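Asks: Sequence unavailable; structure follows:
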Ligand code: SAH
């Protein structure tokens with residue numbers, strides 16, 4: 001791991017020669033991030049983050065790079081590390097260090113030990129604010145780097161899983177500073193989770209397996225916002241889509257949207273492709289693997305790599321690695337072959353590029369504004385999990401609409417008065 005040298009910030013990356021390619025791709029993503037661009041232009045003028053140190057643990061992609069560039073434009077001192085060992089784009093990491101002077105610790109395919117070394121290296125900046133995706137950095141701060149806690153004023157969490165972990169920490173009284181649940185804004189989860197994960201998970205399946213989806217039985221485990229997105233896209237491509245759920249309301253919603261609903265033990269027998277998107281663990285395991293058809297394809301687009309019991313496959317099946325891009329084959333004792341994409345890690349980032357820039361535009365606009373809000377109002381917040389103010393969420397939706405050339409009506413005085421009254425009945 002290098003210390004800062006000359007004009008280069010501290011970093012640990014795979015290949016500096018990829019920097020020019022990374023810069024080109026970061027600029028390409030930026031073309032689709034007009035809302036973040038507007039915020040960047042304002043922050044650049046106002047410089048609200050001068051003297052503030054940020055540590056960020058996020059997927060190191062072209063879109064995250066644009067968020068980092070935005071925070072730096074606002075005057076922040078920054079260190080970035082990866083929130084998943086497989087999602088790092090090595091060219092982006094190189095460009096961040098060599099083209100943008102941003103301290104970055106990320107290598108695609110790093111092992112668990114290296115992953116945590118990188119989190120610790122980012123934390124060495126002694127952050128005043130943090131950005132997390134999945135809560136690993138905040139967890140590390142609260143367990144092994146507690147000496148840094150006193151300087152941390154607060155932070156922002158990007159994803160559903162991280163918000164759930166933070167809420168548990170808050171419930172146990174363990175959380176020591178305010179965290180903003182960026183995931184829970186409408187302009188994040190209704191778009192990034194649904195359209196972003198929906199499209200990029202399919203993209204990953206195509207890149208990895210080049211399967212025709214039409215006519216296949218496509219099983220989606222979990223009908224949250226991510227699951228809805230995947231199911232809708234699979235249906236659009238001509239699959240017969242099966243949903244598995246544990247929540248009766250979500251299952252009913254799936255059924256009334258025309259999807260088939262059944263337990264995994266039934267779905268396992270008929271599925272050609274399976275995607276887990278539950279945010280929970282051990283969704284597809286031994287009893288399901290043994291029922292599956294020869295050639296069934298398995299992938300995970302949610303949470304960590306524990307939704308599909310990869311450990312069981314590793315121990316009990318004969319593995320052929322890398323038979324396609326990001327795809328391994330496991331031959332079971334019954335002779336059937338199962339194909340696992342992206343090692344069961346989140347497939348949309350492991351075998352494709354994750355959510356496209358046009359939706360992350362809103363997610364990361366929320367991140368940048370939430371960081372600014374924390375800086376202004378964070379001192380009044382007790383440790384806990386907070387929502388982004390509603391007006392900010394609406395403002396981001398308005399800017400995005402405008403950038404897409406769509407206009408909407410405003411309430412007339414008569415309408416506004418009606419909505420604020422109760423006298424008018426039938
Ligand atoms: N951190 C966990 C799960 C979160 S991944 C893990 O690594 O397993 C899902 C999150 O990744 C989403 O909240 C989404 O906002 C973010 N994401 C999706 N595509 C991305 C991209 N191209 N760049 C950066 N973040 C992305």
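Replies: Thanks, I have the structure now. The model shown is predicted, which means the values in this text are computed figures rather than measured ones.

Asks: Within range of the ligand, give me the residues from the stretch 151-300 of the chain.
Replies: 158, 159, 161, 183, 192, 196 (CB under 6 Å from any ligand atom). The C-beta positions use only the backbone N, C-alpha and C, and glycine is treated the same way.

Asks: repeat that for 8 Å
Replies: Residues of the stretch 151-300 of the chain lying near the ligand by CB under 8 Å from any ligand atom: 158, 159, 160, 161, 162, 183, 188, 192, 193, 196, 197, 200.

Asks: One more: the stretch 1-150 of the chain?
Replies: Within the stretch 1-150 of the chain, the residues that sit near the ligand (CB under 8 Å from any ligand atom) are 58-64, 83-84, 87, 133-136.

Asks: Out of those, name the ones that lie in helices.
Replies: Within those, membership in helices is found for 62, 63, 64, 136, as judged by DSSP state H.

Asks: from the residues you listed, which is closest to residue 247?
Replies: Nearest to residue 247 among these is residue 136, at 26.5 Å by CB to CB.

Asks: contacting residues around whatever residue of the stretch 251-400 of the chain ends up closest to the ligand?
Replies: Residue of the stretch 251-400 of the chain nearest the ligand, by CB to the nearest ligand atom: residue 354 (2.6 Å). By CB atoms under 8 Å, 6 or more residues apart in numbering, the contact set of residue 354 is 59, 61, 63, 87, 196, 200, 348, 360.

Asks: try it again with 10 Å
Replies: Residue 354 sits next to 59, 61-64, 84, 87, 89, 192, 196-197, 200-201, 203-204, 346-348, 360 when contact means CB atoms under 10 Å, 6 or more residues apart in numbering.

Asks: Residue 71 against residue 375, yeah?
Replies: No - Residue 71 lies out of contact with residue 375 (CB atoms under 10 Å); the separation is 11.2 Å.

Asks: if we can go back for a sec, so which of the ones in helices among the residues of the stretch 1-150 of the chain next to the ligand wins on neighbours?
Replies: Using other CB atoms under 10 Å as the neighbour test, those are led by residue 64, with 31 neighbours.

Asks: So what does the one residue sitting closest to the centre of the chain have for phi and psi?
Replies: Nearest residue to the geometric centre of the chain (CA atoms, centre = their mean): residue 159, 5.5 Å. When quoted as degrees, to the nearest 10, the phi and psi of residue 159 stand at phi -130, psi 160.

Asks: So which residues of the stretch 151-300 of the chain form helices?
Replies: Listed from the start of the chain, the stretch 151-300 of the chain has helices (DSSP state H, counting those that start in this stretch) covering 160-171, 186-188, 197-209, 225-236, 248-256, 264-270, 286-289.

Asks: residue ranges with poor pLDDT in this structure?
Replies: Low-confidence segments of the chain, defined by pLDDT under 70, span residues 3-5.

Asks: so where do the strands sit in the stretch 301-426 of the chain?
Replies: All strands of the stretch 301-426 of the chain, identified by DSSP state E, counting those that start in this stretch, fall at 318-324, 327-331, 337-341, 384-386.

Asks: Save those as TSV, and put in mean neighbour count and distance to the ligand too.
Replies: TSV is the format used below for these (neighbours: other CB atoms under 10 Å; distance: least, CB to the nearest ligand atom, whole Å):
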stretch	mean neighbour count	distance to the ligand
strand 318-324	11	21
strand 327-331	19	18
strand 337-341	22	14
strand 384-386	18	15
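
Asks: what sits against residue 61?
Replies: The neighbours of residue 61, taking CB under 10 Å, 6+ apart as the test, are 25-26, 29, 67, 82, 87-89, 92-93, 349, 353-355, 357, 360.
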